[in-house]
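Trainee: Need coordinates for the below:
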Amino acid sequence: MSGPAETIRPASVRLAEWFSVGPLGLALGMAGALLATLFGMLAATGILSQLVSGDAPSWLSQDFRVGVVMCLILAYLPAAQLIIVRLATRSLRELSTELDLSADELKERVAGLDRVDRRKNLWAGGFGLIGLMVIAFLPEALVTSSFEIMELGALHLSHRAMGAAIGFLSGTGVFLAITTSRRLSALTAERGRVDLLTPGRWQPLCRVGLGNAFVSAGVISLLLLLVPEREAGVGLAMVLVGLVTGIVILGGLGLVIPLRGVRDRIREAKRRELDESDQRISRLRLAWDEPVPDPALSGQLADAIAYRALIDDASEWPIDLPQLGRFGLVFGLPLLSWVAAALVERLIDLVIA
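Mentor: A predicted model of the protein is given here:
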């Protein structure tokens, strides 16, 4: 028999604690280190002098922009993992009054919220690595007749190295978000105290879902910086369309997963309340049909019907329309800003022409 699974804390969390920084500090520190490494490599290979002098061909400038954006994405992903963990931890503490947990149980749940299975984490990272490398670089390998890794320049090699790291961190980040969200969902489904008339008590869970969506939208904003020039071809654009579509889907799942447990509890409590209300209304109607009904039954029956309507109108999801609007805004703003920029560019071309 195999022993218990070995769990670990995400490297981003441990790194942030080591340097005593938050998500912003972690992102800025990693971005600075990665950009310094990239510029140092470009200076050593002579590419930086071409870029500074303006003698670099357009494809090299495009590759340089890709390299810079990949550095930013690579710095953003660990910070996004840290945001997910801290938001989930804070939300669990805020939900302490809504959960049937002792103080010691709550402390234990909070301490274990950010721990993930080491083996599954590696599998998730490997899956993300392979998936991103296939999406980003397989088309190039298929259309290139003599593709040799040793013939690639330093900048192209750095793209592949950073792409592998981005894929691994993306896979582990998605696994971390799903793991923490499912734990919160299962905990609320098991220990949550449900009140159908005050669904706002579950707002911390909604913030977790919106936080998952927010970090996904951050990746989209960075990816849109890779939108190529017209002469760069449609290959990169098609890759970006696929990546953005996948991230939007993951963002939607990240919004829903933390809420599923409490939604099941609300649905169960609502069904139970409606059944009890129907039984009470039936008893009152039978009593009203008596030859000499009690005059007070009229008011009781009206109250029972009104209460049933109130329960029937109660939403099974704790998230409300304004929060769904914020979810749409989070994903819509980056895409709309890119579309607006493209339209302005096209108008300028028409005016100049």
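Trainee: switch to C-alpha atoms for all contacts and neighbour counts from now on
Mentor: OK.
Trainee: By neighbour count, which bits of the helix or strand harbouring M41 are buried? Give me those.
Mentor: According to DSSP states H and E, M41 maps onto helix 23-45. If you call a residue buried by 16 or more other Cα atoms under 10 Å, then helix 23-45 has these buried ones: P23, L26, A27, M30, A31, L34, L35, L38, F39, M41, L42.
Trainee: I'd like the residues you listed as a markdown table, with distance to G209 and pLDDT appended.
Mentor: Formatted as a markdown table, those follow (distance: Cα to Cα, whole Å; pLDDT from 0 to 100):
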| residue | distance to G209 | pLDDT |
| --- | --- | --- |
| P23 | 18 | 92 |
| L26 | 22 | 94 |
| A27 | 22 | 93 |
| M30 | 26 | 94 |
| A31 | 27 | 94 |
| L34 | 30 | 94 |
| L35 | 32 | 94 |
| L38 | 35 | 92 |
| F39 | 37 | 92 |
| M41 | 40 | 90 |
| L42 | 40 | 88 |
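Trainee: which of those lies closest to G252?
Mentor: P23 (22.6 Å; Cα to Cα).
Trainee: check contacts around the nearest residue to the closest one once chain neighbours are set aside.
Mentor: With Cα to Cα, 6 or more residues apart in numbering as the measure, A79 is the residue that lies nearest to P23, at 4.6 Å, once sequence neighbours are left out. Residues near A79 by Cα atoms under 8 Å, 6 or more residues apart in numbering: S12, G22, P23, L24, L26, A27.
Trainee: doesn't E316 fall inside a strand?
Mentor: No. Per DSSP: H, G, I helix; E, B strand; the rest coil, E316 lies outside any strand segment and is coil.
Trainee: related to what we said a few turns ago, quick one: list the elements packing against the helix or strand following the helix holding M41.
Mentor: Under the assignment DSSP H and E, the closest C-terminal helix or strand after helix 23-45 is helix 47-53. Under the contact definition 3 or more Cα pairs under 8 Å, 6 or more residues apart in numbering; DSSP states H and E, helix 47-53 sits against helix 23-45.
Trainee: Could you pull out the helices in the stretch 1-150 of the chain for me?
Mentor: 11-19, 23-45, 47-53, 58-94, 103-112, 118-143 (DSSP state H, counting those that start in this stretch).
Trainee: Flag whichever of those has the least confidence on average.
Mentor: Comparing mean pLDDT across those, the lowest value falls on helix 118-143: a mean of 79.
Trainee: which residues sit against the helix or strand where P204 lies?
Mentor: According to DSSP H and E, P204 maps onto helix 203-223. For helix 203-223, contacts defined as Cα under 8 Å, 6+ apart pick out 69, 72-73, 76, 80, 83-84, 87-88, 91-92, 94-95, 177, 181, 184, 240, 244, 247-248, 250-252, 254-259, 318-319, 327, 330-331, 334-335.
Trainee: do the same with stretch 26-39
Mentor: Contacts for stretch 26-39 (Cα under 8 Å, 6+ apart): A16, L48, G67, V68, C71, L72, L74, A75, Y76, P78, A79.
Trainee: And the second one, how far from A11?
Mentor: Here the criterion is Cα to Cα, to the nearest Å. By it, L48 lies 32 Å from A11.
Trainee: can you count the residues close to P295?
Mentor: Using other Cα atoms under 10 Å, P295 is surrounded by 9 other residues.
Trainee: On the pLDDT front, check it for me.
Mentor: 72.
Trainee: next one: stretch 181-199 to chain centre, how far?
Mentor: Stretch 181-199 has its C-alpha centroid displaced from the chain centroid by 20 Å (Cα atoms, centre = their mean, to the nearest Å).
Trainee: L48 and A11 - which one has more neighbours?
Mentor: Neighbour tally, L48 and A11, criterion other Cα under 10 Å: the higher count belongs to L48, 18 against 12.
Trainee: Contact partners for the closest residue to that one other than its chain neighbours?
Mentor: Spatial nearest neighbour of L48, excluding adjacent residues (Cα to Cα, 6+ apart): L42 at 5.0 Å. Residues in contact with L42 (Cα under 8 Å, 6+ apart) are L48, A154, L155.
Trainee: can we see that at 10 Å?
Mentor: Contact partners of L42, counting by Cα atoms under 10 Å, 6 or more residues apart in numbering, are A36, L48, S49, Q50, L51, F64, A154, L155.
Trainee: for G46, same thing?
Mentor: G46 neighbours (Cα under 10 Å, 6+ apart): G40.
Trainee: again with W18
Mentor: W18 neighbours (Cα under 10 Å, 6+ apart): S12.
Trainee: Look up how far A11 lies from it.
Mentor: 10 Å.
Trainee: Equivalent analysis for G299, please.
Mentor: Counting by Cα to Cα - G299 and A11 are separated by 63 Å.
Trainee: Go ahead and confirm W123 touches G171.
Mentor: Yes. Between W123 and G171 there is a contact under Cα atoms under 10 Å: 8.4 Å.
Trainee: circling back to that earlier point, same for the helix or strand that the helix holding P204 is followed by, what does it pack against?
Mentor: Per DSSP H and E, helix 203-223 leads on to helix 235-256 as the next helix or strand towards the C-terminus. Applying 3 or more Cα pairs under 10 Å, 6 or more residues apart in numbering; DSSP states H and E, one finds that helix 235-256 contacts helix 118-143, helix 154-191, helix 203-223, helix 321-352.
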